[in-house]
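Visitor: this one's sequence-less:
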């Protein structure tokens, strides 16, 4: 081998080592970008799942509050309505700490339709949904709007749920609660 040939081989190896370093740095940069992107996406996904969990739990809490309000009003024979919003707390995961505060606005009668007749085939009478009367004369098919506001005790985040409820009322009940 000549000296010139050895010099060229040595220069070629030095150049290859420089290119290897540059390729290695580019690969390290790409891997760093990939890791950062993956971390960002997983954090975003975790937040989305948390928000969906809050939403689902809040809807469940609102439904519980609405059911409690309806059962309380029906217990009075549906002759009086609450005069103010009711509020209570709910421990949804049973850890003895209140997770949500539920506020139920005063139920609002939004529609009333007059119905007459027995409403049951064969001419017999039937009791309607706990309203405490039999359908044999005039009754009212009423539509109520209940609004529940659920607030997360930990974050302060709140959600408002609107629920429609249809309730049959007698001639004596209707003017007392649904003018």
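Guide: Nice, I can see it. The shown structure was predicted, so the numbers you read here are calculated from the model rather than taken from an experiment.

Visitor: Need the pLDDT of residue 133.
Guide: pLDDT recorded at residue 133 is 49.

Visitor: Check residue 9 too.
Guide: Reading off the model, residue 9 has pLDDT 56.

Visitor: before we move on, what about residue 35?
Guide: pLDDT, residue 35: 93.

Visitor: What strand or helix carries it?
Guide: Using DSSP states H and E, residue 35 maps to helix 3-75.

Visitor: tell me how far that helix is from the chain's mean position?
Guide: How far helix 3-75 lies from its chain's middle: 26 Å, per Cα atoms, centre = their mean, to the nearest Å.

Visitor: Stretch 140-153 now?
Guide: Worked out by Cα atoms, centre = their mean, stretch 140-153 lies 14 Å from the chain centre.

Visitor: helices or strands next to the helix holding residue 35 in the packing?
Guide: Judged by 3 or more Cβ pairs under 8 Å, 6 or more residues apart in numbering; DSSP states H and E, helix 3-75 is in contact with strand 86-90, strand 100-104, strand 139-152, strand 158-170. C-betas here are computed from N, CA, C, even on glycine.

Visitor: and these as JSON lines, adding distance to residue 37, mean neighbour count and mean pLDDT?
Guide: Formatted as JSON lines, those follow (distance: least, Cβ to Cβ, whole Å; neighbours: other Cβ atoms under 10 Å; pLDDT from 0 to 100):
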{"stretch": "strand 86-90", "distance to residue 37": "39", "mean neighbour count": "15", "mean pLDDT": "88"}
{"stretch": "strand 100-104", "distance to residue 37": "35", "mean neighbour count": "21", "mean pLDDT": "92"}
{"stretch": "strand 139-152", "distance to residue 37": "30", "mean neighbour count": "19", "mean pLDDT": "92"}
{"stretch": "strand 158-170", "distance to residue 37": "31", "mean neighbour count": "16", "mean pLDDT": "89"}
